[in-house]
Structures are given as C-alpha cells and as structure tokens.
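Visitor: Sequence first, then the predicted structure, then my questions.
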Amino acid sequence: MPPAPTAHPVSVRGLSKRYGDVQAVRDISLDIHRGEVFALLGPNGAGKTTTVDILTGVQRRTGGDVRVLGCDPAEDPREWRAKIGVVPQTSGAYSDLTVKEVVTHFAAMYPAPLPVGEVLGMVGLGSLHSRQASALSGGQQRRLDVAVGVVGDPELIFLDEPTTGLDPVARREAWELVRYFADRGRTTVLTTHYLDEAEELAQRAGVVVGGRLVEYGPLASFGGRDQTPSTVSFRRGEALAGVALPALPPGTEVVPSGPGTVTLRTAAPSHALSLLLPWAREAGSLELADLRVHRPTLEEIYLNLIDRESRETAA
Ligand SMILES: Nc1ncnc2c1ncn2[C@@H]1O[C@H](COP(=O)(O)OP(=O)(O)OP(=O)(O)O)[C@@H](O)[C@H]1O
C-alpha cells in the first residue's frame, strides 16, 4: 500500500524515548519542511542522535507519533528506506573493500542511484577510489560515510555530525554537497555542533537540551535574534573629532567606548548608517574609519539559550 500523503517529509508529535532510567527525549514535536535544510542543535547528550535514530528506524520510540515520508519508521518498509539517506554519527566498518567497491555495493541497494564516480568526486575521494577503505584516514572515512549516505540519491537525508574530523577544505566540500541536494529539492536534517555550519546551510533549526526542544524556528529570528540590537562602531578620526552625532533612529543607545571611538547599540543599523554617512561627509570625512556592524551571531544566540536553560534547570 502506498504511504499516506503528508504535508511535511518529517512530522513528529510528542516524541519520547527512555533508555532504562535515562529519559533521552521528552515530548518533542516538530515538522521539517520539504526542500529545507533543518539543523538539529544541542549540547552533548541532549538527545539529537536518539531523535535521528528514531526518525531513521534505528531506534524504537517509547512514546509519541512520528511520520517520515508518510511512514512510521518503526515499520521500516523496504521501499521507504530506499528514499532516505543516512550518514550516522559513527563511521561505518567497511572491511577490506576499496572505496569504489564500498560505494558501488551500497549503490546497488537503491533503485536509481547516482553514478558512483560522480559521488566520489563530490566528496573528494575521486583520486582514492582504489584505496582500501580500512586504510583511509579519519577524515577520508568520514567522506566515505557521506558518499555511502547519499549515493542512493535520497529524497530525505539525515546527516549526523557529518563534518566532524574534516579539515576546513573538506568541510566546505561537504557544504557544497548539502547545497547540491538542496538545489535538487531534497530535504536535509543536519545535526551539528558547528554553529557556522548551521548558519551557512540551514533555513530553520531546533535546539534540544536535556531531551526537550527548547527553541524551534527560522534561523533569521532564532531566539529573538531579529529583535536583538546590533552594534555599530567606528573611529572618529580628525575630521569628526568633537562633532556632535546626528539625530539617530529612535531607541539607539550610545555605548561608552574608548576615546575617539563611537559605539552605538541599535535595532536599526542600516537606518543609523544612512544618517551617519551624510553626517560624516558633511564634516569632511568620506569614510567612517574601522566601521563595524555586528549582528548577534547564531553562536551567541545559541550560547545565551543554553545558559538560560541551565540557569532555569538549576533554579
Ligand atoms: N543505548 C543507550 N542506552 C542508554 N542511554 C543512552 C543510549 N544512547 C544514548 N543514551 C543516553 O541518552 C542521552 C541522549 O544521547 P544522544 O546520543 O541522543 O545525545 P546527542 O545529543 O546526540 O549527543 P552528542 O552531541 O554527544 O552526540 C544521553 O544521556 C545518553 O547517555
């Protein structure tokens, strides 16, 4: 019987998982939209891998309802499995096969795999295709895991910390691969501890702490980020020394900073700049020296969230 149609490729309601005494996941509800990259964030031991393992049929849930591409992963139907790609947190053991043999072996399990050579090229293993998989370095093994996870050209891809152990160039190659699938309308669930990676690739995210989903939504407004003021700073230089600042957008604060430096905190940095530039020009300065506009990064927002959660838990 074909799977029931579903609005979202992943739909989770009230998910929980207990391992003996450990409540690893508590009442998580979320939807992952078709075609998006969704980042699952959270500290070590938060419950991310457990959640991914349940969504991919590796672990059984102890409560709640889960639909992945219209099916219950606990039933693990064969045709369903062919539509998902998984790069698990731990590297696979590939015995004494060569890199190309490993990927060819996995490609044969899918009805319409991508060409093996193309996938090896995408993960940067093209020149190592005849090397024994067991002889690869840690980072090269991770690339092979990614190749194995995506060779089936999956509709939905789960990447559990795919770039851990990769050098900066390989990390960026992995990002290109995620974008390649996103451009083809595929959906990706990305677990990562690298906030820059999430920021670079994902449109929405969820933060799990102590098994609970404590933040969930578009990255642009994550943790009230779009409401958090930005900082604008510059050096006055000679032309602007002693010149009174122009009228600035309502709510802008002048923050005490070193001599000769102006630091403003404002919810409207573009508006503030549009007033500062003509002000500086009129005073004879075409450039604002050392101009910096700092919007809160995802990492800062995330650290605040984790801090808030640990204080609430302690209280
Ligand atoms: N098989 C298991 N048996 C008992 N407890 C487990 C098992 N697997 C995970 N746990 C516990 O469940 C909790 C969640 O673990 P999980 O691996 O899902 O966290 P995570 O968010 O993926 O962490 P990390 O970022 O370190 O990978 C942890 O307290 C962990 O010790």
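Guide: Thanks, I have it. Predicted, not measured: the structure shown is a model, and the values here were computed from it.

Visitor: what's the spacing between the nearest residue to residue 167 once chain neighbours are set aside and residue 224?
Guide: Nearest residue to residue 167 in three dimensions, chain neighbours excluded: residue 139, at 6.0 Å (Cβ to Cβ, 6 or more residues apart in numbering). Placement of C-beta: from N, CA and C, glycine included. Using Cβ to Cβ, to the nearest Å, one obtains 37 Å as the distance from residue 139 to residue 224.

Visitor: Residue 179 too?
Guide: Relative to residue 224, and taking Cβ to Cβ, residue 179 is found at 28 Å.

Visitor: cool, and residue 84?
Guide: 33 Å.

Visitor: same thing with residue 35?
Guide: In terms of Cβ to Cβ, residue 35 sits 26 Å off from residue 224.

Visitor: Who has more neighbours out of the two?
Guide: Using other Cβ atoms under 10 Å as the criterion, residue 35 and residue 224 rank with residue 35 on top: 15 against 12.

Visitor: my guess is residue 153 meets residue 110, correct?
Guide: Yes - with contact defined as Cβ atoms under 8 Å, residue 153 counts as touching residue 110 (7.1 Å).

Visitor: and the stretch 1-150 of the chain, which of its residues are near the ligand?
Guide: Contact residues (Cβ under 6 Å from any ligand atom) of the stretch 1-150 of the chain with the ligand: 19, 22, 24, 42, 44, 45, 46, 47, 48, 49, 50, 89.

Visitor: Kindly tell me how buried the second one is, as a neighbour count.
Guide: Okay, so that is residue 22. 12.

Visitor: where along the stretch 201-315 of the chain do the helices fall?
Guide: For the stretch 201-315 of the chain, the helices defined by DSSP state H, counting those that start in this stretch cover 237-240, 269-282, 298-314.

Visitor: So which bits of stretch 29-45 are buried?
Guide: 30, 31, 32, 36, 37, 38, 39, 40, 41, 42, 43 (16 or more other Cβ atoms under 10 Å).

Visitor: Now residue 13: closest residue in space that isn't a chain neighbour?
Guide: residue 65 (4.6 Å).

Visitor: so what's the one you found up against?
Guide: Residue 65 makes contact with 12, 13, 14, 15 under the criterion Cβ atoms under 8 Å, 6 or more residues apart in numbering.

Visitor: How many residues are close by residue 126?
Guide: Neighbour tally, residue 126, other Cβ under 10 Å: 14.

Visitor: Excluding residues flanking it in the chain, which one is nearest it?
Guide: Counting by Cβ to Cβ, 6+ apart, the residue nearest residue 126 is residue 120, at 5.0 Å.

Visitor: isn't there a helix covering that neighbour?
Guide: Yes - counting by DSSP: H, G, I helix; E, B strand; the rest coil, residue 120 falls inside a helix.

Visitor: What degree of burial does it show, as a neighbour count?
Guide: With other Cβ under 10 Å as criterion, residue 120 counts 22.

Visitor: so what's it up against?
Guide: Taking Cβ under 8 Å, 6+ apart, one finds 99, 100, 103, 126, 128, 129, 147 in contact with residue 120.

Visitor: I'd like those residues as JSON lines, with distance to residue 306 and secondary structure appended.
Guide: Output for those, formatted as JSON lines (distance: Cβ to Cβ, whole Å; DSSP: H, G, I helix; E, B strand; the rest coil):
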{"residue": "99", "distance to residue 306": "38", "secondary structure": "helix"}
{"residue": "100", "distance to residue 306": "42", "secondary structure": "helix"}
{"residue": "103", "distance to residue 306": "38", "secondary structure": "helix"}
{"residue": "126", "distance to residue 306": "40", "secondary structure": "helix"}
{"residue": "128", "distance to residue 306": "38", "secondary structure": "helix"}
{"residue": "129", "distance to residue 306": "42", "secondary structure": "coil"}
{"residue": "147", "distance to residue 306": "33", "secondary structure": "helix"}
